[in-house]
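S.K.: sequence plus predicted model, see below.
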Amino acid sequence: MTLRIKTKQELEQLEQELRAHPMVAARLNHKRDMFAAEAAVKNYVWGEAFPDPGWAGTATARQIKFVYDQLTKKQ
């Protein structure tokens, strides 16, 4: 398997698709989960570290990773 580096435009499109997915949108709009969800989106799309390392192991982060994996399989 060859890893292809994505362009900034492709990453921006991926981020939009991820945020628009119903499972992710629900977490981004949830009062308790919104900060971990936002951090997870930035981590999986842009490679930014989680501000709180504990957020990486949360159910919210796993749910967003699941959707991210589904979206990137199509590409």
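M.R.: Perfect, I can see it now.

S.K.: what sits closest to Lys42 if chain neighbours are left out?
M.R.: With sequence-adjacent residues excluded and distances taken as CB to CB, 6 or more residues apart in numbering, Lys42 is closest to Glu48, at 4.2 Å. (C-beta placed from N, C-alpha, C; glycine too.)

S.K.: how much space between Thr7 and Val45?
M.R.: Shown here: Thr7 relative to Val45, a distance of 13 Å by CB to CB, to the nearest Å.

S.K.: who's more crowded, those two?
M.R.: It is Val45, of Thr7 and Val45, that has more neighbours when counted by other CB atoms under 10 Å, with 22 against 9.

S.K.: which residues are in contact with that one?
M.R.: By CB atoms under 8 Å, 6 or more residues apart in numbering, Val45 lies in contact with Leu11, Leu14, Glu15, Leu18, Tyr68.

S.K.: and the first one, how many neighbours does it have?
M.R.: By the measure other CB under 10 Å, the count of residues near Leu11 is 14.

S.K.: nearest spatial neighbour of it, skipping sequence neighbours?
M.R.: Computed as CB to CB, 6+ apart, the closest residue to Leu11 that is not its neighbour in sequence is Val45, at 5.7 Å.

S.K.: buried residues in stretch 64-75?
M.R.: Within stretch 64-75, the residues that count as buried by 16 or more other CB atoms under 10 Å are Ile64, Val67, Tyr68, Leu71.
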